[in-house]
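Asker: Here you go, sequence then predicted model.
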Amino acid sequence: MINQKIFIFEFVSGGGYNQVGIPSSLFCEGYAMLRTIIEDFKKLGFQITTLLDIRIDFLSQYLKADKIKLVKKNDDYIKIYTDCVKKSTYCFVIAPEFSNNLYNLTKIVKDNKKTILSIDLDFICLGTSKLKTYNFFLENKVNTPKTYLIPLKKKYFDLEFVLQKFDTLGCPVIIKPEDGVGSESIFYFETKAQIIHFFEDSNGKLDLSRNYILQEYIDGEDLSVSIINIVSSKKSEAKNQIILSINAQIIKFKDSVNDSIYLGGFTPVVDYELLKDSLEKILKSMDLSSFQGYFGIDFIKKTDNSIYFIEINPRLTTSYIGIRNILEYNPLEIIFNQDKPSLNLNSLPHQGFSKFNQLVLKYIGDETSNEIIGIIIPKLMSVIPEIVTPPIALSKSVKDQDLLYYCFIATKTKDLDSSEKRISKIIKIFDDYNFKTIK
């Protein structure tokens, strides 16, 4: 038993949005990551402290933390966060890269001389910037889509520049924030007319306070690889890259009008071993010496099996929720014991399959919101162990029956077909409790 104090913080559920509305989709993933990682650190014997937005305090009963501090609307969550950092020996931070949230929160840990078990500052700087990541891929001679920063012209994004690059590339393009997270605000364009129409009405879609990039669209499978990089404290070079799994990502963003949507994914992918061999060769050719801990790389596999690296996620990713269901070891033990010899984990096979995704539900029964929280959700949690984030309505409505409920589930089965069948049964159970699946 480790018996050490650790502070685990997840931005969306932990108070990062305490003065504004909590985004439902981001919350589902954020709370799911918080809950799973708390469970895995608890298995190692840590004494765990975490923060929770007071609006979702009923979800504290599903967290295996020793101390849960609530963040109220008028609280300075940074002050509460810093106090928790000071009282802990170790810290693990899960936060979006945009607005330097992840960097600033991690810097507080470093400034207070606490041990950070999530990603360190140098790697966060690289992963947060899509342009720095692009240049990193170029320097390491790996395939990556051509990427350009969209300049401003008279305080607006330069349409002429975008059209010129579209002509030069001669293929569909995407526009997304330079510091974006996952599939956030990705827009897809096949024609000049779509681009022109988008820029005519871009005020509500593009935030002028942020930078945006234009990127060549690579057609293929949206995948990610989840890695723990172990770097010896005695040597500067990378010691071992452990591929935990390779994951499929279900993303809907082929639209020049609507925002992109992350729908979840599954792990491991088909032909996992062949793809893993290819990735291992590429990773060994790259300079990953400054990368330590858990991170993910998003990539595209084209029909000719070539691999194009898209971006680096310098934090725990949503895929972890499924990955932990297919491993026979606790990945967090590797992160904590980096300097201790361990088994050749790359040679250990996966144990089954996991599909993880968000469900959007509408309640059509007669119970009130309080009755749903106090009676129905505990029953659902007992009959559906795959629920990671319980159904929750974060928006407000005059009638309880008009609310949309969001939840996150992760299966643990032998293969994709079994997971699909199990999800169908889960949807039927929700239906039995008067929750109709919207998507």
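Answerer: Yep, it's here. Residues are numbered from 1 along each chain as shown.

Asker: which residue ranges form the strands in the stretch 1-150 of the chain?
Answerer: Using DSSP state E, counting those that start in this stretch, the strands assigned to the stretch 1-150 of the chain run over residues 5-10, 47-53, 67-71, 90-94, 115-116, 147-149.

Asker: To V269, which of those strands lies closest?
Answerer: In terms of C-beta to C-beta, the element of these nearest to V269 is strand 90-94, at 23.9 Å. No exception for glycine: its C-beta is placed from N, CA and C like everyone else's.

Asker: so how far is the closest one from its chain's centroid?
Answerer: Averaging C-alpha coordinates over strand 90-94 and over its chain gives two centres that are 15 Å apart (C-alpha atoms, centre = their mean, to the nearest Å).

Asker: again with stretch 94-105
Answerer: Distance, stretch centre to chain centre, for stretch 94-105: 13 Å (C-alpha atoms, centre = their mean).

Asker: what's the answer for stretch 281-289, then?
Answerer: Mean-position distance between stretch 281-289 and its chain equals 23 Å (C-alpha atoms, centre = their mean).

Asker: Over to V270. Which of the three states is it?
Answerer: At V270 the chain is in coil, as set by DSSP: H, G, I helix; E, B strand; the rest coil.

Asker: what's around it, how many residues?
Answerer: V270 is surrounded by 12 other residues when neighbours are defined as other C-beta atoms under 10 Å.

Asker: And L34, by the same measure?
Answerer: Residues lying near L34 (other C-beta under 10 Å) number 28.

Asker: which ones are touching it?
Answerer: With contact set as C-beta atoms under 8 Å, 6 or more residues apart in numbering, L34 has these partners: 8, 10, 13-14, 50, 63, 94.

Asker: measure it to E97 for me?
Answerer: Applying C-beta to C-beta, to the nearest Å, the value for L34 to E97 is 17 Å.

Asker: I'd say K276 and N247 touch.
Answerer: No - taking contacts as C-beta atoms under 8 Å, K276 lies outside contact range of N247: 11.8 Å.

Asker: give me every residue that touches I213.
Answerer: Contact partners of I213, counting by C-beta under 8 Å, 6+ apart, are 130-131, 147-150, 175-178.

Asker: same question but for D120, I mixed them up
Answerer: For D120, the contacting residues are 106, 110, 292-293, by C-beta under 8 Å, 6+ apart.

Asker: Save the strands of the stretch 1-150 of the chain as CSV, and put in mean neighbour count too.
Answerer: Listed next are the strands of the stretch 1-150 of the chain as CSV, based on neighbours: other C-beta atoms under 10 Å:
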stretch, mean neighbour count
strand 5-10, 25
strand 47-53, 23
strand 67-71, 18
strand 90-94, 25
strand 115-116, 16
strand 147-149, 18
